[in-house]
Each structure stands twice: as structure tokens, then as C-alpha cells.
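A.B. asks: Predicted model, plus sequence, below.
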Amino acid sequence: MILYDNLGYNNAMALDLPFREGTGVLTHDVAKPHHPIVMVNTPTWVPLASGLMTMGFNGTNEYLRATNANTLDLGFIAGDYSLGGWMYWVAGDDSQIVIGRYSVDIGGWELYLYTNGILTLRHHHEAGATLRTAEYSLGWTMNRWTMFGISRVGAVATHYRDGLPLASLASVGGLLDPGVTASQLTIGTRFTLDSDNFKGQMWRPRVAARALSAQEWRTIYECEKGWFV
């Protein structure tokens, strides 16, 4: 048996949602913090032909959330961190939030897709000359399963697609440290819970309290891609 901590890429994993339940209105964080996750408006359990259970979002009012008080460890500022998971997104809102813990122009971080195939990591900063900074990558395609990965180290966030690094473009001034926010964690919707809804399916959204290496992202992809063929 391979235990969770025996897999090197799980070191410092802060959130990990494999959606193993397959039924009901609860899903569990298998990373050590075990954040309480709330399913709002009952996202749909969607099995793949391989037997893997994924979660479907209707693009209107279905999302996951965890309170600010329960996600203080995800309030990254100067430290490195990583975001990752699998997604199958379809046409819906022009801008679709994948995951975030932020308040616009105040603090926190967000990862979102735009209809023209841009994936953006954005940081928010209160009362500064620059209220938002971002780094983004191109070529993200709807209607297919894709693994995404982001590793933030200081002013640089390297983007990965299907285990391979991508060229990324930074906003003017680089990626500044996000400010403090009292907002909750959201998966599949804007921090205000009323727009920018994700439409499609997700599997295993992850957050790590460190920057995963290129080899680790490649290893995760090679270990998990068989579920999606």
C-alpha cells in the first residue's frame, strides 16, 4: 500500500479533493488540514467511463466553498504555493473561476479561465499603486479533459498543462505578493458567490503550501492521465 505521505508531491499539500464519495452532499479534503468543504446547490456527481468520479458544475449556481476561518492556512502572501487539478470546461460565463481565496482589489489570489483560452493567476493588493497583478498562459481549450498546474515562486508563477511547462505572461510590475483577505475559499464561482461561474467538470483540485517542481507536475500527470482516456 502506498500511503498519502509516501508520494513526494503530497509533501505540504494543503487541500486535496479527490471526490471519492460519489454520492450525497459532502466531499472531503484528504490533505492533512482536512478543511470542511460545503457543496452549494448540489453540484452533480459525474462518473467517467474509467470509473473515476468527478464533479459537475452547471455554470449558474453550483460551487464549493470553505469559510475564511477554516482556510487561514491558504491565505498565502509572501510564501510559495501551487494550484492544480483536472478540468473539462465548456462555454458559459466569459470569465470562469476555477479556485480562489480573494477579494477584488483588497487581497488574496484567484485562478480563472477566460473564454478565449487564457488561464490567469491574479493577486489582489489593497491601497497600493497597483491593485491587481497577474500572470497568465494561453491555449486552454474547452471540451476536453486537461490537467492544470501553477507554481508560484516570488514574482513568477509557472503554468503547466498536462504536466508540461508553458510560456506565461506577467502583468506590468510582475506578480506582487497578495494582500490579506477575510474572504472564503471558493471553487467554481466568484468571491461574491454570484457570477463568473465554472461550467463543466473538475477532478481533484489541489493547493500546496510550496511550489511543486516541473518533475512533480509531470509525475502527477503520468500517474493520473489513465483515468481520462
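C.D. replies: Thanks, I have the structure now. Residues are numbered from 1 along each chain as shown.
A.B. asks: Over to the nearest residue to residue 10 once chain neighbours are set aside: give its phi and psi.
C.D. replies: Take residue 10 and drop its neighbours on the chain: the residue closest to it by Cβ to Cβ, 6 or more residues apart in numbering is residue 4, 5.5 Å away. Every residue, glycine included, has its C-beta placed from N, CA and C. Phi and psi for residue 4, reported as degrees, to the nearest 10, are phi -50, psi -50.
A.B. asks: now swap in the one 5 residues further on and tell me
C.D. replies: Backbone torsions of residue 9, given as degrees, to the nearest 10, read phi -70, psi -10.
A.B. asks: ditto for the one 10 residues further on
C.D. replies: Geometry field for residue 19 lists phi and psi as phi 60, psi 50, criterion degrees, to the nearest 10.
A.B. asks: what about residue 204, which SS state?
C.D. replies: Here residue 204 is strand, with the state taken from DSSP: H, G, I helix; E, B strand; the rest coil.
A.B. asks: List the residues that contact it.
C.D. replies: The contact partners of residue 204, taken as Cβ atoms under 8 Å, 6 or more residues apart in numbering, are 16-19, 85-86, 224.
A.B. asks: how about those residues, which pair is most distant?
C.D. replies: Across the contacts of residue 204, the longest distance by Cβ to Cβ is 13.7 Å; it joins 17 and 224.
A.B. asks: By mean pLDDT, which helix or strand of the chain comes out lowest?
C.D. replies: In the chain, no helix or strand scores lower on mean pLDDT, DSSP states H and E than strand 169-170, which sits at a mean of 88.
A.B. asks: What strands line up against that strand, and which way round?
C.D. replies: Using DSSP bridges, the strands paired with strand 169-170 in its sheet are strand 132-137 (antiparallel).
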